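**Student:** Below: sequence and its predicted model.
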Amino acid sequence: MRLWDPETGREIHRFDLPSSPQSVEFNPAGTLLAAALVNGTSILLKVPRGL
């Protein structure tokens, strides 16, 4: 899964996931990213600082 800068269109981070994401949601602070994967699992990812 990739995070993109919406202003520049540049990729700013890439997460290696065990399956493709079906849906994603940031926490209100923008520090965590929850992803529901197509294989039926969920994963919580820490967003790197400075993004």
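**Tutor:** Done, it's in.
**Student:** Skipping its backbone neighbours, what lies nearest the most centrally placed residue in the chain in space?
**Tutor:** Geometric centre of the chain, nearest residue: residue 33, 5.2 Å, by Cα atoms, centre = their mean. Distances taken as Cβ to Cβ, 6 or more residues apart in numbering put residue 45 closest to residue 33, at 4.5 Å, once the chain neighbours are dropped. Where C-beta positions appear, they are placed from N, C-alpha and C, glycine not excepted.
**Student:** before we move on, what about residue 21?
**Tutor:** Residue 21 sits nearest to residue 35 (Cβ to Cβ, 6+ apart), 4.5 Å away.
**Student:** How about residue 39?
**Tutor:** Closest to residue 39 by Cβ to Cβ, 6+ apart is residue 19, at 3.8 Å.
**Student:** from memory the one you found sits against residue 42, does it?
**Tutor:** No. Residue 19 lies out of contact with residue 42 (Cβ atoms under 8 Å); the separation is 10.5 Å.
**Student:** Tell me where the model's unsure across the chain.
**Tutor:** Where the chain drops to pLDDT under 70, the residues are 50-51.
**Student:** can you pull out the strands in the chain?
**Tutor:** Using DSSP state E, the strands found in the chain span residues 2-4, 11-14, 21-26, 32-37, 42-46.
**Student:** just these: most buried one?
**Tutor:** The highest mean neighbour count among the strands of the chain, using mean count of other Cβ atoms under 10 Å, belongs to strand 32-37: a mean of 16.
**Student:** partners of that one, with directions?
**Tutor:** Sheet pairing here is set by DSSP bridges, and for strand 32-37 it gives strand 21-26 (antiparallel), strand 42-46 (antiparallel).
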